[in-house]
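S.K.: need coordinates for the following:
(2 chains)
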Amino acid sequence: MIAQNNLSLFNTLTRKKEKFEPLNAPFVGLYVCGPTVYSDVHLGNCRTFISFDLIYRYLLHLGFKVRYVRNITDAGHLEGDRDEGDDKFAKKARLEQLEPMEIVQRYTLGFHDVMRAFNTLPPSIEPTATGHILEQIEMTKKIIENGYAYEANGSIYFDVEKYTKEHNYGELTNRKLEDLLENTRELGGQDEKKGRLDFALWIKAKPEHIMRWPSPWGWGFPGWHIECSAMSTKYLGDTFDIHGGGMDLQATHHTNEIAQSQACSHKAPVKYWLHTNMLTVNSVRMSKSAGNGFLPHELFTGNHPLLEKGYSPMAVRFFMMQTHYRSTLDFSNEALQAAEKGFAKLMTALKTLKQLKTSATSTSNITALVEAFYTAMNDDFNSPILIANLFEAVRIINSVNDGKESITIADLNSLQTTVNTFVFDVLGLHDESENNNGGKALDTVMQIVIEQRTEAKKRKDFATSDQIRDLLLAGGISIKDTKEGTIWQVD
RNA sequence: GGUCUCGUGGCCGAGCGGUUAGGCAGAGGUCUGCAAAACCUUGUACAGCGGUUCAAAUCCGCUCGAGACCUCCA
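M.R.: As a prediction, the model looks like this:
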């Protein structure tokens, strides 16, 4: 395979770039924390899943056999910080007068629609928390058996103090236990927890709770963190290669996942932890609670106060790919419009690439360029550098097309293969204009119209030719006169 | 308060010790009946102040500014 063993990635656990060496090559286990489906996903959520889609796609391209697991959180996700309060699904269900599972279904379908619009590949397995209650109970039992959890009034809590005697609880965020303790709020008087860092594995259901399951400790529902540990263990094993998620999950959710898995199996669950950075709006993090989020369909239609116009899913995807996954990405209309134009330029060049003429010699070093594509992606999935190199390819394509540079048939073949692979298979982009040209009938009509206009031009009847062009433009079809003739597209 | 990021040309955004990032916008030109597209040329940026070094946007220190996590959130 191509440069498969040259991939390095930034491991949050060690805080440095490491060579990627799968536990059981060529197999790779990849787990990504998925969405909580009690409301629409916003663009910030999408960024994480699109980033991991890039990572998944590149691993596949390198020839790895990847099992990609991304969960759906549809149970037990509490509001508030003390494992008290309402279940998010039940609360939303009350608001909307629906069954909790109706909420789950609605937003799961919505999530899938959005993911499809962004052209992300579906995961190999998409397990739900409600479908794995048994596994979570079993894991909780094992943790209790091993002495790392205790029961209090029908709820089970993880004993962080006990855990820290043998393990470094704050290792993922490089935090000392004293600091963590110092900065955690005091326990409330009615709190059942022994230690203030303790978190729930199982929560006793209050009478009004609709989503509930029987357990050895009575009726209840699982804590938020245990689902990922249980499902990742079930499908990827006690220790697997890559665990990913948004940076906001690092300190609490992932820290607790490590603790649970260690307490259960006595093994470190994950070799490489990958975290994607946040999407910001005016340099403030986009989040549900800040209320500054865009829904994807608002972005596509432009129907939002902060949006000047709509942006297509692929333009947005391209926009995201122009930033490294570990950098914050700041949203603005200006930046999106720049990305939109750059993306259009790339797509145009890819069409030109199909019909390039070859020569006896090449004026550019295509082999070096192709190598640069791999170097970029092998360096912790550096898509911005890859795109910069793709624009070098665009320059070459256009120059050859203009007769200012030349390319051999061998180089052309190599360029066509790799550029198409990286743009479509790795970056996961596709040409939106292609399925948008109105089919064969419109094509026939357009050939006739263009023919008429060309005739008018030959007669130097520019009034007519310009009128045809203007009328088409008003109807959403733009035409361009190139050396090879007139081309058209639906805008 | 603790832990940690970041501050790059008009905008977005790479680079992280010496070599062109790239995109968008702007300027000039080629082409064109005009448009559009395409191509060529063009900007000499790294918050501030010190320090280390033959050499710093890149390492160290301080100052200023922005943000994240520590509390549900990708």
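
S.K.: would you mark the buried spots in the strand or helix carrying residue A:377?
M.R.: Secondary structure from DSSP states H and E places residue A:377 in helix A:366-378. For helix A:366-378, a neighbour-count test (16 or more other CB atoms under 10 Å) marks A:366, A:369, A:370, A:372, A:373, A:374, A:375, A:376, A:377, A:378 as buried. C-beta here means a position set from N, CA and C on the backbone, and glycine is covered the same way.

S.K.: from these, which is closest to residue A:125?
M.R.: residue A:377 (25.1 Å; CB to CB).

S.K.: ok, the closest one - contacts?
M.R.: With contact taken as CB atoms under 8 Å, 6 or more residues apart in numbering, residue A:377 is in contact with A:7, A:58, A:383, A:386, A:422, A:426.

S.K.: contact residues of the stretch 301-450 of chain A facing RNA strand B?
M.R.: Contacts of the stretch 301-450 of chain A with RNA strand B, taken as CB under 7 Å from any atom of the strand, map to A:322-324, A:327-330, A:332, A:334-335, A:337-339, A:341-342, A:345, A:348-349, A:379, A:382, A:384-385, A:387-388, A:391-392, A:394-395, A:398-399, A:401-402, A:404.

S.K.: what about those, which are in strands?
M.R.: A:329, A:330 (DSSP state E).

S.K.: so which of the residues of the stretch 301-450 of chain A next to RNA strand B are in helices?
M.R.: A:334-335, A:337-339, A:341-342, A:345, A:348-349, A:384-385, A:387-388, A:391-392, A:394-395, A:398-399, A:401 (DSSP state H).

S.K.: and these, which are buried?
M.R.: Neighbour-count burial (16+ other CB under 10 Å) is assigned, among these, to A:339, A:342, A:348, A:349, A:385, A:387, A:394, A:398, A:401.

S.K.: I'd like these as JSON lines, with pLDDT appended.
M.R.: What follows is those, written out as JSON lines (pLDDT from 0 to 100):
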{"residue": "A:339", "pLDDT": "93"}
{"residue": "A:342", "pLDDT": "93"}
{"residue": "A:348", "pLDDT": "89"}
{"residue": "A:349", "pLDDT": "92"}
{"residue": "A:385", "pLDDT": "94"}
{"residue": "A:387", "pLDDT": "95"}
{"residue": "A:394", "pLDDT": "94"}
{"residue": "A:398", "pLDDT": "91"}
{"residue": "A:401", "pLDDT": "88"}
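
S.K.: what's the most distant pair in the residues you listed?
M.R.: The most widely separated members of these, counting by CB to CB, are A:385 and A:401 (24.8 Å).

S.K.: using CSV, list the CA coordinates for the host helix or strand of residue A:54.
M.R.: Following DSSP H and E, one finds residue A:54 within helix A:43-61. Only the C-alpha atoms of helix A:43-61 are listed here, as CSV (Å, rounded to 0.1, in the frame of the first residue of the first chain):
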residue,chain,number,x,y,z
LEU,A,43,-22.7,22.9,12.3
GLY,A,44,-20.2,22.6,15.1
ASN,A,45,-21.2,19.0,15.7
CYS,A,46,-21.0,18.4,12.0
ARG,A,47,-17.4,19.6,11.9
THR,A,48,-16.3,16.8,14.2
PHE,A,49,-18.0,14.1,12.2
ILE,A,50,-16.7,15.6,9.0
SER,A,51,-13.2,15.7,10.4
PHE,A,52,-13.4,12.1,11.4
ASP,A,53,-14.8,11.2,8.0
LEU,A,54,-11.6,12.6,6.5
ILE,A,55,-9.6,10.5,8.9
TYR,A,56,-11.6,7.4,8.1
ARG,A,57,-11.4,7.9,4.4
TYR,A,58,-7.7,8.4,4.5
LEU,A,59,-7.1,5.3,6.6
LEU,A,60,-9.2,3.4,4.0
HIS,A,61,-7.3,4.9,1.2
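
S.K.: can you name the next helix or strand after that helix?
M.R.: With DSSP H and E, the next secondary element past helix A:43-61 is strand A:65-70.

S.K.: contacts for whichever helix or strand comes after that next one, please.
M.R.: Of the helices and strands lying after strand A:65-70 in sequence (DSSP H and E), the nearest is helix A:88-96. Under the contact criterion CB under 8 Å, 6+ apart, helix A:88-96 has outside partners A:36, A:38-39, A:74-75, A:77-79, A:99-100, A:102-104, A:208-211.

S.K.: do the same with stretch A:16-24
M.R.: Stretch A:16-24 is contacted from outside by A:5, A:7-11, A:28-29, A:64, A:239-241, A:271-272, A:379-380, using CB under 8 Å, 6+ apart.

S.K.: between the residues you listed, which is closest to residue A:227?
M.R.: Checking these against residue A:227 with CB to CB, the nearest one is residue A:240 at 15.9 Å.

S.K.: what's the nearest residue to the closest one once chain neighbours are set aside in contact with, if anything?
M.R.: Leaving aside its chain neighbours, residue A:240 sits nearest to residue A:29 (3.4 Å; criterion: CB to CB, 6 or more residues apart in numbering). Applying CB under 8 Å, 6+ apart, we find residue A:29 in contact with A:23, A:66, A:67, A:69, A:235, A:236, A:237, A:240, A:241, A:242.

S.K.: who in the stretch 151-300 of chain A is up against RNA strand B?
M.R.: A:173-175, A:179-180, A:182-185, A:224, A:245-253, A:276-280, A:283-289.

S.K.: now list the buried members of these.
M.R.: A:180, A:224, A:245-249, A:253, A:276-280, A:285-287.

S.K.: for the residue in the stretch 251-400 of chain A that RNA strand B sits nearest to, which non-adjacent residue is spatially closest?
M.R.: Closest residue of the stretch 251-400 of chain A to RNA strand B, CB to the nearest atom of the strand: residue A:342 (2.4 Å). If the residues on either side of it in the chain are set aside, residue A:342 comes closest to residue A:318, at 7.0 Å by CB to CB, 6+ apart.

S.K.: check residue A:372 too.
M.R.: Per CB to CB, 6+ apart, closest to residue A:372 is residue A:389, 4.6 Å.

S.K.: and that neighbour, how many residues sit next to it?
M.R.: 22 (other CB atoms under 10 Å).

S.K.: now do residue A:15
M.R.: 10.

S.K.: who's in contact with it?
M.R.: residue A:174.

S.K.: tell me how far it lies from residue A:201.
M.R.: Taking CB to CB, to the nearest Å as the measure, residue A:15 falls 29 Å from residue A:201.

S.K.: likewise residue A:266?
M.R.: 17 Å.

S.K.: more neighbours, these two?
M.R.: Set residue A:266 next to residue A:201 and count neighbours by other CB under 10 Å: residue A:201 wins out with 31 against 11.

S.K.: report pLDDT for the residue in chain A that RNA strand B sits nearest to.
M.R.: RNA strand B sits closest to residue A:246 of chain A, with a gap of 1.7 Å, by CB to the nearest atom of the strand. According to the prediction, residue A:246 has pLDDT 93.

S.K.: that one and residue A:46 touch, don't they?
M.R.: No - using CB atoms under 8 Å, residue A:246 is not in contact with residue A:46, being 11.0 Å away.

S.K.: domains for chain A, by residue range?
M.R.: Domain assignment for chain A, taken from automatic domain parsing, gives A:4-276, A:301-426, A:437-490.

S.K.: what pLDDT does the nearest residue to residue A:292 once chain neighbours are set aside get?
M.R.: Excluding its sequence neighbours, the residue lying closest to residue A:292 (CB to CB, 6+ apart) is residue A:281, at 4.8 Å. If you check residue A:281, the pLDDT there is 82.

S.K.: which residues touch stretch A:469-483?
M.R.: So stretch A:469-483 is contacted by A:446, A:449, A:450, A:453, A:486, A:487, A:488, A:489, A:490, A:491 (CB under 8 Å, 6+ apart).
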